[in-house]
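>>> give me coordinates for this.
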Amino acid sequence: MAQVEKRPAIVLGLGQNGLATVRALARQGIPVIGVDGNLKQPTAHTRLCRKIACRDFRGEGLLECLLDLGRTLPRKGVLFPSGDISVELVSERREALKDYFDFILPDKDVMRLILSKRAFYQFATETGFLIPRTYFPQDEKEVEELSREISFPCLLKPFQPDAAWRRMFPDAKVLEVFSPQELLSRYRSLQTFYPHCLVQEVIPGPDSSLFFSLTYFDGERTLGMFTGRKLRQFPPFYGTSCMAESVWNPWIAEETVRLVRALGYRGYGSAEFKWDPRVERFRIIEFTPRTWFPHGLSTASGLNLPYVMYRHLCGLPVEEQKGFVEGIKWIHEERDFQSALRMRRQGKLAVRDWLHSYLGRRTYALAAWDDPGPIVAMLIRCLRKPFSFLRRRKREKAYVDVIGVATSRGRNR
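Here you go, the predicted model:
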């Protein structure tokens, strides 16, 4: 039994999601291997796992990296994808990976449906789940017609954010537009590199109107269910969590179970909902088929879902996990500061209110006494930013000077 428990956990991605998974497992005595293409990012400075650099982490190189790793393992590893790209690759190439790794995923068609916002929203509508009003324009003419119907501001979203979208908008999951003219202009500009977008209404209300669930479902039973709510996001209003708290919400839990059963889903998943004061009901925003950004909050609140998943995949006894500590706040140190700073500039958050939000029991995304590397690396990066900015401005000035001289010479010829 002890040998089974020592099977290695392979965490795909050492960003915030991956770091929280590494810590959740390593603190239970599980040997962990982290795979990522960027081992210089602050979260990859954890001391709690062995690290493997994968040059083509966002492409087929990840498959080759995993196969090479699998051939060296004395026992099958347990896979923990932490991003859409890695979970999609594991799903699509599961036949090649199953001899070396254990993982739990729904059928390929279900995974494809979840990863496509268009397919997921259509499924949700057809099966009776309340979603924001959403449109799928096929061309500019339909966008023009839509602009006369939808209220502004509204949101422009990709069907499925890919590498092209992330290069253009590294911090933005959606684009907020404020007028019919801007909607048409944005849509036109996106068509050149990202032709598949949807338009969605904005649900009024602050970030604290967003609730979420984290669950592990084995296909028949819910082995663990956590619920919480966001307090702040970065970027504000349409980003990812930078402050969240543990709050039990039985309706969110029940609706999540109804959703995973309707999907035919199994594995680790997260659902996000927003309270709509216009109809006094929650609307589902998205379902994520993997670990979610603030999932370290669940572990800190006493519900270690990655460990539940590990034990289940290793064939060890797993009882349904019930209950967790409420009122704990999870804070991403860097991103919450950035969010608060931006909201203060917009006149939407006073310094006193920001400081007051830190009262109570807290857990942090990066800082940990037993794993100081990530927070130290983040602080060093922050201290270097002003100097990097000055060096960049100096290079830009030198470039402008060179161009100016070259242009002047050209004119004098």
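>>> how about the helices of the stretch 301-413 of the chain, start to end?
According to DSSP state H, counting those that start in this stretch, the stretch 301-413 of the chain carries its helices in the segments 305-313, 333-345, 351-356, 373-412.
>>> brain fart, the stretch 101-250 of the chain
108-115, 117-126, 140-147, 163-168, 180-191, 250-263.
>>> how does this structure divide into domains?
2-103, 133-201, 207-364 (automatic domain parsing).
>>> need those in JSON lines with mean neighbour count, can you?
Quick note: C-beta positions are derived from backbone N, CA and C, even for glycine. Below are the domains of the chain laid out as JSON lines (neighbours: other C-beta atoms under 10 Å):
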{"stretch": "domain 2-103", "mean neighbour count": "19"}
{"stretch": "domain 133-201", "mean neighbour count": "15"}
{"stretch": "domain 207-364", "mean neighbour count": "19"}
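>>> got the contact list for stretch 285-293?
16-18, 20-21, 80-84, 86-87, 105-106, 111, 114-115, 117, 120, 131-132, 210, 212, 214, 240-241, 259, 263, 265, 267-274, 306 (C-beta atoms under 8 Å, 6 or more residues apart in numbering).
>>> of the residues you listed, which belong to strands?
Of those, the ones assigned to strands by DSSP state E are 80-81, 210, 212, 214, 240-241, 267-274.
>>> so the longest strand along the chain versus helix 305-313, what angle?
Counting by DSSP E, the longest strand found in the chain is strand 222-234. Using axes from the mean of the first three to the mean of the last three C-alpha atoms, to 10 degrees, the direction of strand 222-234 lies 150 degrees away from that of helix 305-313.
>>> quick one: average confidence on strand 222-234?
Here strand 222-234 scores 97 as its mean pLDDT.
>>> stretch 16-28 too?
What stretch 16-28 shows for mean pLDDT is 97.
>>> just the CA trace of it, in CSV.
Listed next in CSV are the C-alpha coordinates belonging to stretch 16-28 (Å, rounded to 0.1, in the frame of the first residue of the first chain):
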residue,chain,number,x,y,z
GLN,A,16,-0.5,29.5,-10.0
ASN,A,17,-2.8,26.5,-10.6
GLY,A,18,0.1,24.1,-10.8
LEU,A,19,1.8,25.5,-7.7
ALA,A,20,-1.3,25.0,-5.6
THR,A,21,-1.5,21.4,-6.9
VAL,A,22,2.1,20.8,-6.2
ARG,A,23,1.8,22.0,-2.6
ALA,A,24,-1.5,20.2,-1.9
LEU,A,25,0.2,16.8,-2.9
ALA,A,26,3.7,17.3,-1.7
ARG,A,27,2.5,18.2,1.8
GLN,A,28,0.8,14.8,1.9
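>>> show residues contacting it.
So stretch 16-28 is in contact with 9, 11-12, 14, 32, 34, 36, 43-44, 46, 48-49, 80, 82-83, 290-293, 295-296, 299, 304-307, 310, 332, 365-366, 368, 370-371, 374, going by C-beta under 8 Å, 6+ apart.
>>> circling back to that earlier point, out of the ones in strands among the contacts of stretch 285-293, the closest to Arg186 would be?
Thr240 (21.4 Å; C-beta to C-beta).
>>> now that closest one. Nearest residue, chain neighbours left out?
Phe293 (4.7 Å; C-beta to C-beta, 6 or more residues apart in numbering).
>>> the one you found in helix, strand or coil?
Classification of Phe293 using DSSP: H, G, I helix; E, B strand; the rest coil returns coil.
>>> can you check the one 4 residues further on too?
Secondary structure assignment for Leu297 (three-state DSSP): helix.
>>> list the contacts for it?
Phe226, Gly228, Ala244, Glu245, Ser246, Ile328, Trp330, Thr363.
>>> equivalent analysis for Leu66, please.
Contacts of Leu66 (C-beta under 8 Å, 6+ apart): Ile10, Val35, Leu79, Leu97, Tyr100, Phe101.
>>> in which helix or strand would I find it?
Using DSSP states H and E, Leu66 maps to helix 61-72.
>>> where does the chain have low pLDDT?
Scanning the chain with the threshold set as pLDDT under 70 gives 1-5, 162-163, 386-413.
>>> let me see the backbone angles for the most centrally placed residue in it.
Geometric centre of the chain, nearest residue: Phe293, 4.7 Å, by C-alpha atoms, centre = their mean. When read as degrees, to the nearest 10, the backbone of Phe293 gives phi -50, psi -50.
>>> dump the helices of the stretch 101-250 of the chain to JSON lines, plus distance to Asp353.
Below are those laid out as JSON lines (distance: least, C-beta to C-beta, whole Å):
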{"stretch": "helix 108-115", "distance to Asp353": "36"}
{"stretch": "helix 117-126", "distance to Asp353": "33"}
{"stretch": "helix 140-147", "distance to Asp353": "36"}
{"stretch": "helix 163-168", "distance to Asp353": "32"}
{"stretch": "helix 180-191", "distance to Asp353": "31"}
{"stretch": "helix 250-263", "distance to Asp353": "26"}
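>>> so which of those helices is nearest Asp56?
Closest among those, once you apply C-beta to C-beta, is helix 163-168, at 11.5 Å.
>>> other residues contacting that closest one?
Arg58, Ile85, Pro158, Phe193, Tyr194.
>>> I figured the first one hits Asn38, correct?
No - because the distance of 10.3 Å does not satisfy C-beta atoms under 8 Å, Arg58 is recorded as not touching Asn38.
>>> isn't Lys108 right next to Glu92, touching?
Yes - using C-beta under 8 Å, Lys108 is in contact with Glu92, at 6.8 Å.
>>> adding distance to Thr125, write the domains of the chain out as a markdown table.
Listed next are the domains of the chain as a markdown table, based on distance: least, C-beta to C-beta, whole Å:
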| stretch | distance to Thr125 |
| --- | --- |
| domain 2-103 | 22 |
| domain 133-201 | 8 |
| domain 207-364 | 10 |
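>>> gap between the residue nearest to the centre of the chain and Gln233?
Distance of Phe293 to Gln233, computed by C-beta to C-beta, to the nearest Å: 10 Å.
>>> quick check: neighbours shared by these two?
Thr240, Ser241.
>>> check contacts around Arg118.
Arg118 touches Phe136, Phe159, His196, Leu198, counting by C-beta under 8 Å, 6+ apart.
>>> from Glu88, how far off is the third one?
Applying C-beta to C-beta, one obtains 16 Å for the distance of His196 from Glu88.
>>> now the second one
As defined by C-beta to C-beta, Phe159 lies at a distance of 13 Å from Glu88.
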